[in-house]
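K.L.:
predicted structure and sequence below. I'll ask about it afterward.
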Amino acid sequence: MSNEATVIKVTGQSANENYDVVVGRGLLGTLPDKLGERVRRVLVIHPRALRLTGDTVRDELDAAGFTALTAEIPDAEEGKHIQVAAFCWQVLGQNDFTRSDAIVAVGGGAVTDLAGFVAATWLRGVKVIHMPTSLLGMVDASVGGKTGINTAEGKNLVGSFHPPAAVLADLDTLQTLPKNELISGMAEVIKCGFIADPAILDLVEKNTDAVMDPGSEVVRELIERAITVKADVVSQDLKESGLREILNYGHTLGHAIELVERYSWRHGAAVSVGMMFAAELSRSVGRLSDTDADRHRTILESLGLPITYRRDRWQGLLDGMRRDKKSRGDLLRFVVLDGVAKPGILDVPDTSLLFAAYQEIAS
Ligand SMILES: NC(=O)c1ccc[n+]([C@@H]2O[C@H](COP(=O)([O-])OP(=O)(O)OC[C@H]3O[C@@H](n4cnc5c(N)ncnc54)[C@H](O)[C@@H]3O)[C@@H](O)[C@H]2O)c1
Ligand SMILES: O=C(O)C(=O)C[C@@H](O)[C@H](O)[C@H](O)COP(=O)(O)O
Ligand SMILES: [Zn+2]
């Protein structure tokens with residue numbers, strides 16, 4: 001097992017906005033260096049479930065001479081709420097955080113999204129470093145600078161682009177991650193396989209047992225490959241003016257399912273059904289072969305990810321999908337595939353096409 005850290009580089013809009021995504025073990029000791037010399041105060045934001053880890057990070061920073069404190073926030077999507085951001089702003093204000101101070105996010109994607117949003121908005125932008133502890137957080141949420149919170153109307157409807165100064169993905173933290181969370185993260189890994197890196201799909205198909213072992217070399221390779229896909233895309237198109245939309249494969253329906261289910265579904269599970277839908281849509285308009293569409297079903301099912309959704313929820317899903325960020329006026333837009341690693345966009349002015357594709361995955 002390799003103890004060497006892997007560094008994947010993300011290129012920003014200017015040289016001082018470049019940052020490293022470090023994948024390895026025992027990375028906490030490298031945090032002070034990543035924060036840099038100007039930082040004095042650090043707020044470590046973590047969920048209740050990771051109190052011990054958050055406290056360890058704070059103590060390490062204290063020992064390194066920083067003034068560090070923690071903010072404990074509600075778990076999972078409960079944390080991506082305006083009132084939670086307001087609580088963090090209050091802590092920052094009451095502790096005199098200046099523009100040269102910093103935030104460290106310790107947790108899954110919900111924490112990095114919320115902490116990134118707080119960092120983007122405090123004094124109009126302070127430094128944030130992400131220490132993702134879930135698979136999904138490592139391969140997706142901590143990279144690329146999308147930050148956000150949910151509103152009653154939908155997922156991630158408020159947010160901004162605020163890239164981190166560094167991402168430290170410590171593989172050891174995955175040892176305590178519940179299995180369903182590992183599986184959820186695998187959905188985003190597989191998404192990267194379908195949109196850009198077919199080797200990911202081959203690895204998952206050939207190593208079904210090792211994929212479920214967070215300590216395996218296969219999981220490490222999958223993590224590094226998925227981060228590389230994301231880093232390449234966001235380095236070219238940070239603000240989603242074109243290419244970055246491919247990272248939204250499966251998310252138009254996926255986010256609508258999360259909303260309809262009041263966030264009781266894991267993000268990756270919803271994206272899994274969303275990818276099935278996008279594949280059926282791609283097939284129905286003659287852009288994706290039967291073989292490639294069916295490959296979605298077999299690979300997602302092999303990991304225990306859901307591939308169908310309730311027939312009676314169509315209208316609610318359609319309402320949710322209209323608020324997707326890729327929509328333009330009344331036009332719904334979907335990321336589709338013209339083949340594996342050949343993503344494209346489908347404009348859908350007529351929802352009957354969507355309904356027909358939905359019948360293929362409705363249960
Ligand atoms: N900004 C982006 O580009 C981006 C990309 C993908 C997903 N997201 C967002 O990320 C969120 C999903 O992320 P997630 O799946 O990590 O969910 P999450 O943050 O809700 O974490 C999932 C659960 O795992 C727990 N957990 C995390 N790490 C753990 C560990 N090491 N040990 C034990 N428990 C642990 C959490 O406390 C939580 O209960 C969604 O809100 C999604 O919208 C954002
Ligand atoms: O980074 C991106 O861009 C993505 O689309 C990655 C998605 O996996 C992620 O869930 C993202 O938060 C969705 O973004 P949104 O713009 O649809 O809210
Ligand atoms: Zn996602």
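P.N.:
Ah, there it is. Ligands and ions are numbered 1, 2, ... in the order given.
K.L.:
can we go C-alpha only for contacts and neighbour counts from here?
P.N.:
OK.
K.L.:
residue 312 - that's part of a helix, no?
P.N.:
Yes. Looking at residue 312 with DSSP: H, G, I helix; E, B strand; the rest coil, it is inside a helix.
K.L.:
could you say what helices and strands the longest helix along the chain packs with?
P.N.:
The single longest helix within the chain, with elements called by DSSP state H, is helix 217-236. Contact partners of helix 217-236 among helices and strands, from 3 or more CA pairs under 8 Å, 6 or more residues apart in numbering; DSSP states H and E: strand 6-10, helix 179-195, helix 198-206.
K.L.:
ok, and what's touching it?
P.N.:
Helix 217-236 has contacts (CA atoms under 8 Å, 6 or more residues apart in numbering) with 1, 6, 8-12, 23, 135, 138-140, 143-144, 171, 189, 192-193, 196-197, 200, 203, 207, 210-214, 243-244, 247.
K.L.:
and ligand 2, which of the residues you listed reach it?
P.N.:
With CA under 6 Å from any ligand atom as the criterion, the contacts of helix 217-236 include 140, 144, 244, 247 near ligand 2.
K.L.:
and those as TSV, adding distance to residue 115, neighbour count and pLDDT?
P.N.:
Listed next are these as TSV, based on distance: CA to CA, whole Å; neighbours: other CA atoms under 10 Å; pLDDT from 0 to 100:
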residue	distance to residue 115	neighbour count	pLDDT
140	15	24	98
144	14	25	98
244	22	18	98
247	21	21	98
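K.L.:
near ligand 2, which residues of this protein show up?
P.N.:
Residues of the chain lying near ligand 2 (CA under 6 Å from any ligand atom): 140, 144, 156, 244, 247, 248, 325.
K.L.:
buried among the contacts of helix 217-236? Make that a ChimeraX selection.
P.N.:
Here is the ChimeraX selection string for the buried members of the contacts of helix 217-236, based on 16 or more other CA atoms under 10 Å:
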select :8,9,10,11,12,23,135,138,139,140,143,144,171,189,192,193,196,197,200,203,211,212,213,214,244,247
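K.L.:
about what we covered before: just name the closest of the residues of the chain next to ligand 2 to residue 309, please.
P.N.:
Set against residue 309, the nearest of the residues of the chain next to ligand 2 by CA to CA is residue 248 (19.0 Å).
K.L.:
give me the pLDDT value at that closest one.
P.N.:
Here the pLDDT value assigned to residue 248 is 98.
K.L.:
how much space between it and residue 210?
P.N.:
27 Å (CA to CA, to the nearest Å).
K.L.:
same thing with residue 185?
P.N.:
15 Å.
K.L.:
near the residue of the stretch 251-363 of the chain found nearest ligand 1, how many other residues are there?
P.N.:
Relative to ligand 1, the nearest point of the stretch 251-363 of the chain is residue 267 (5.4 Å; CA to the nearest ligand atom). By the criterion of other CA atoms under 10 Å, residue 267 has 23 neighbours.
K.L.:
check residue 264 too.
P.N.:
12.
K.L.:
equivalent analysis for residue 4, please.
P.N.:
9.
K.L.:
ok, and the closest non-adjacent residue to it?
P.N.:
Closest residue in space to residue 4, ignoring its immediate chain neighbours: residue 24 at 6.5 Å, by CA to CA, 6 or more residues apart in numbering.
K.L.:
per-residue pLDDT, that neighbour?
P.N.:
The model reports residue 24 with a pLDDT of 98.
K.L.:
the longest helix of the chain: what's the following helix or strand?
P.N.:
The first helix or strand that comes after helix 217-236 along the chain, using DSSP states H and E, is helix 251-260.
K.L.:
give me the domain ranges for the chain.
P.N.:
6-174, 179-213+216-360 (the TED database).
K.L.:
how far does the last one stretch from one end to the other?
P.N.:
Pointing back at domain 179-213+216-360 there. Termini of domain 179-213+216-360 sit 28 Å apart (CA to CA).
K.L.:
try the first one
P.N.:
Using CA to CA, the span of domain 6-174 from its first residue to its last is 17 Å.
K.L.:
same question for stretch 191-206.
P.N.:
Stretch 191-206: ends 17 Å apart by CA to CA.
K.L.:
pull the residues that contact it.
P.N.:
Stretch 191-206 is contacted from outside by 189-190, 211, 218, 222, 225-226, 229-230, 246-247, 249-250, 275, 299, 337, 340-343, using CA under 8 Å, 6+ apart.
K.L.:
residue 337 pairs with what?
P.N.:
residue 343 (DSSP bridges).
K.L.:
SS state for the most far-flung residue of the chain relative to its centre?
P.N.:
Ranking residues of the chain by C-alpha distance from their mean position (CA atoms, centre = their mean) puts residue 65 at the top, at 31.8 Å. Under the three-state scheme (three-state DSSP), residue 65 adopts coil.
K.L.:
now do the one 4 residues further on
P.N.:
Of the three states, residue 69 takes strand according to three-state DSSP.
K.L.:
quick check: bridge partners of it?
P.N.:
Residues in beta-bridge contact with residue 69 (DSSP bridges): residue 43.
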